[in-house]
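Colleague: What follows is a predicted structure for the sequence shown.
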Amino acid sequence: MSAAGGGGGRAATPAGGTNDTNDTNGTNGTNGAPAPGAMPGLSHPAKGAGGPSLVLLHGFLGAPSSWDAVLAALPRHGPVWCPWLPGHGPLREALPASWDEAVRSFAASLPAGAMLAGYSLGARLALAATLHRPGRARATLLVGGHVGPLDDAERAARAALDARRAADLRHGNLAAFVAAWEALPLFATQHALTPELQARQRALRLAHDAQALTWAFEVAGLAQMPDLRAAVAAARQPLHFLAGALDTRFAALAATLARPPWVTQASVPAAGHNLLLEAPGAVAASLNDLMEM
């Protein structure tokens, strides 16, 4: 994912990141072996008894360190690659010019047999990459994941919304955009989190570049994503959709997609959209279950 990885060179730990996260710029930090895809990002060495490698994609306004609490809750895991998504992070390189280009580039970098997981925007890219390259990932966990607009009317409405949000980023103030983003009903459950946790999350969001973030709406917005319902229904590889029970829209969508044993879903009680933030233990449990399949 040379274009989608966020650039070459050293990736800085964003505000809110942990000090013990290893940035090895292409190595796994313990033995010098290439990290999955050998792409820049923050990587963690294997823990405990190890297991398959993990590829973890953060969401919009997130960062590699968004996965830290999930990894801390995992009793074991193989080497972990947490790349920057396009438009995020401290480095700049030519960004994918289309949704298809981003998906192809990311799918080409997936290591064979890895566990793939993504949250929100990262979940949409993870799903598309999994379907683009069947059998490459061992299993895919989709946290707060969507499958694309259902019809032309939904796509047009979302395109208009994405255009407004991109304009707000391009011509406005990032702090004002983040404040409005945090006020969305989708994230209302986060207001019950501790002030310290909310402050760390806000610092993460404010560490980005507003102009670069427009990529997430103009190129990778939901309106640009094809409807993948038929592809999910036909999938013969493990896909697990995980949503917060209080995130009623995404929980209901996941329920309509379930088709055991290949496509499964679960909801996390008393949690909203961002399970990496609100219920990292539940995300870790789902990852652990998939690793033991």
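Modeller: Now that the structure is in, tell me what you want to look at. Residues are numbered from 1 along each chain as shown.
Colleague: any idea how far the nearest residue to residue 208 once chain neighbours are set aside is from residue 174?
Modeller: Closest residue in space to residue 208, ignoring its immediate chain neighbours: residue 88 at 5.9 Å, by C-beta to C-beta, 6 or more residues apart in numbering. Placement of C-beta: from N, CA and C, glycine included. For residue 88, the distance to residue 174 (C-beta to C-beta, to the nearest Å) stands at 13 Å.
Colleague: what does residue 49 give?
Modeller: 42 Å.
Colleague: what about the two, which has more around it?
Modeller: Per other C-beta atoms under 10 Å, whichever of residue 49 and residue 174 has more neighbours is residue 174, with 19 against 9.
Colleague: If you tally nearby residues, what's the number for residue 253?
Modeller: Using other C-beta under 10 Å, residue 253 has 19 other residues around it.
Colleague: wait, it sits on residue 147?
Modeller: Yes: the pair residue 253 / residue 147 is scored as a contact, 7.2 Å apart, by C-beta atoms under 8 Å.
Colleague: Please work out how many residues are found near residue 94.
Modeller: 10.
Colleague: scratch that, residue 108
Modeller: Residue 108 is flanked by 15 other residues according to other C-beta under 10 Å.
Colleague: Contact partners for the most centrally placed residue in the chain?
Modeller: The residue lying closest to the centre of the chain (C-alpha atoms, centre = their mean) is residue 122, at 2.5 Å. By C-beta atoms under 8 Å, 6 or more residues apart in numbering, the contact list for residue 122 reads 56-59, 62, 85.
Colleague: My guess is residue 265 contacts residue 243. True?
Modeller: Yes: if you go by C-beta under 8 Å, residue 265 and residue 243 touch, sitting 7.4 Å apart.
Colleague: Any buried residues in the helix or strand harbouring residue 267, and which?
Modeller: Assessed by DSSP states H and E, residue 267 sits inside strand 263-268. Neighbour-count burial for strand 263-268, counted by 16 or more other C-beta atoms under 10 Å, picks out 263-268.
Colleague: can you redo those residues as JSON lines with pLDDT and distance to residue 291?
Modeller: JSON lines is the format used below for the buried residues of strand 263-268 (pLDDT from 0 to 100; distance: C-beta to C-beta, whole Å):
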{"residue": "263", "pLDDT": "98", "distance to residue 291": "18"}
{"residue": "264", "pLDDT": "98", "distance to residue 291": "15"}
{"residue": "265", "pLDDT": "98", "distance to residue 291": "18"}
{"residue": "266", "pLDDT": "98", "distance to residue 291": "16"}
{"residue": "267", "pLDDT": "98", "distance to residue 291": "21"}
{"residue": "268", "pLDDT": "98", "distance to residue 291": "18"}
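Colleague: now for these, which pair is the farthest apart?
Modeller: 263 and 268 (17.9 Å; C-beta to C-beta).
Colleague: so who does residue 142 touch?
Modeller: 117-118, 123, 126-127, 239-242.
Colleague: So it versus residue 209, what's the distance?
Modeller: 27 Å.
Colleague: cool, and residue 152?
Modeller: For residue 152, the distance to residue 209 - C-beta to C-beta - is 33 Å.
Colleague: Contact partners for residue 48?
Modeller: By C-beta under 8 Å, 6+ apart, the neighbours of residue 48 are 75-77.
Colleague: how much space between it and residue 279?
Modeller: From residue 48 across to residue 279, the span is 21 Å (C-beta to C-beta).
Colleague: which phi and psi does residue 201 have?
Modeller: phi -70, psi -40 (degrees, to the nearest 10).
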